[in-house]
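**Student:** fold the following for me, if possible:
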Amino acid sequence: MPPRPPTIIDVAERAGVSKSLVSMVMRDDPGVSDARRSAVLAAAAELGYRPNRAAAILAGTRTRTIGVVVDDFRNPWYVPLLNGIREALAPHGLRLTLADTRANAHLGSSPFDDLVSLRVDGVVLAAEGFPDLVVPPDTPVVVAGNRADVPGGLDVVTSDEATGARLATEHLLDLGHRHIVHVSGSGGPAAVRRDATVTRLVAAGTTPVVSGDGATSDTAGFDATRRALADHPETTAVFAANDLMAMGAIAAVHEAGLRVPEDVSVVGNDATPLAASPLLRLTTVDPHNDEVGRLAAARLVERIGAPEHAAPTRTLVPPSLVVRSTTAPPRH
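**Tutor:** Below is the predicted model of the structure:
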């Protein structure tokens, strides 16, 4: 039989204070002295105690706030996702607060734990890097996107990344390209896209070329494409793991004295606002992250409203291909 979770009474006994004072500390009441606050927080940390969400609801102390953990505020992938989350939360009067895995990395703190300590009513986890994540039983969590290292047993809402990669690859094959480079990176979404791309190219009888396995930035896309063009000058098309890498790929093509799409076609992924700009007009896979955000937030609201245990769900959002001016049939 598993040990019972610590209660507010246990914290009070460990800290040598009253139950009501512990409650005041958990509500961040300014009337508590620094010394007593420190004693209570230390006792809570030692016991592994977290405020009970259901009790907070009954006491009318819900924060009506949803936390969202992201990898990097600079990544445009999050723009439609956050818009979708916001749209789904608005009818319920819920606000959202963001935590970036990089923002406080110098402090060694976990953005997930930071949000839980703020007593958010639930968390949308839209970031990598949580192999040892411990989810409190009273904090609903929904994962947005394909993540390689989050624990099982959580609801997941993601675009169908494998289908998206096949759409991009088949578009290039249908145009007549047979020398296709896939510019990839690390992380769950990139891994799914890479595997699906390689599988489709092998099925088409071509030899897959994959370049890059680290960052998914424009600089990484530039470096990976430059290496691929040097090693495989016969390349006529590049499918990048995301739009930022596709931007870098285009720069590398230009540096090589080649033109897009006349000499090398380029396809991105994520349908970011950058892809639609008149300057770029990038062919890209639209994962419909706005819908991913809406469905993830809606699922989280359901979990908050019905905290009893239920089997986790996995929801796939169908992607689509947006064809613009960076792809054309090969000239040779």
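**Student:** just the strands in the protein please.
**Tutor:** Along the chain, counting by DSSP state E, strands occupy 65-70, 95-100, 122-126, 141-144, 155-159, 180-183, 209-211, 237-240, 265-269, 283-286, 314-317, 320-322.
**Student:** where do the helices sit along the stretch 201-332 of the chain?
**Tutor:** Along the stretch 201-332 of the chain, counting by DSSP state H, counting those that start in this stretch, helices occupy 218-231, 243-255, 289-305.
**Student:** how about the shortest one: buried residues?
**Tutor:** Within helix 243-255, the residues that qualify as buried by neighbour count (16 or more other C-beta atoms under 10 Å) are 243, 244, 245, 246, 247, 248, 249, 250, 251, 252, 253. Using the backbone N, CA and C atoms, a C-beta is placed for each residue, glycine as well.
**Student:** pick the one among these closest to residue 187.
**Tutor:** Distance to residue 187, by C-beta to C-beta, is smallest for residue 245 among those, at 11.8 Å.
**Student:** which ones are touching the nearest residue to the closest one once chain neighbours are set aside?
**Tutor:** Of all residues not flanking residue 245 in the chain, residue 221 sits nearest, at 3.0 Å (C-beta to C-beta, 6 or more residues apart in numbering). By C-beta atoms under 8 Å, 6 or more residues apart in numbering, the contact set of residue 221 is 183, 212, 240, 244, 245, 246, 247, 248, 249, 252.
**Student:** just name the shakiest helix or strand of the protein by mean pLDDT.
**Tutor:** Averaged element by element with mean pLDDT, DSSP states H and E, the chain has its least confident helix or strand at helix 53-58 (a mean of 48).
**Student:** could you chop the protein up by domain?
**Tutor:** 1-49, 161-286 (automatic domain parsing).
**Student:** state the mean pLDDT of the shortest one.
**Tutor:** Here the mean pLDDT over domain 1-49 is 81, rounded to a whole number.
**Student:** likewise for the last one?
**Tutor:** The average of the pLDDT scores along domain 161-286 is 96.
**Student:** ends of that domain, what's the gap?
**Tutor:** Using C-alpha to C-alpha, to the nearest Å, the end-to-end distance of domain 161-286 comes out at 10 Å.
**Student:** number of residues surrounding the residue nearest to residue 92 when sequence neighbours are not counted?
**Tutor:** Of all residues not flanking residue 92 in the chain, residue 301 sits nearest, at 5.8 Å (C-beta to C-beta, 6+ apart). Residue neighbour count, defined by other C-beta atoms under 10 Å, stands at 20 for residue 301.
**Student:** is it correct that residue 301 is in contact with residue 93?
**Tutor:** No. Applying C-beta atoms under 8 Å, one finds residue 301 not in contact with residue 93, separated by 10.8 Å.
**Student:** what's the closest of the contacts of residue 221 to residue 18?
**Tutor:** residue 244 (54.0 Å).
**Student:** how close does the nearest residue to the closest one once chain neighbours are set aside get to residue 72?
**Tutor:** Nearest-residue entry for residue 244: residue 218, 4.7 Å, with adjacent residues in sequence omitted and distances by C-beta to C-beta, 6+ apart. Per C-beta to C-beta, to the nearest Å, residue 218 is found 13 Å from residue 72.
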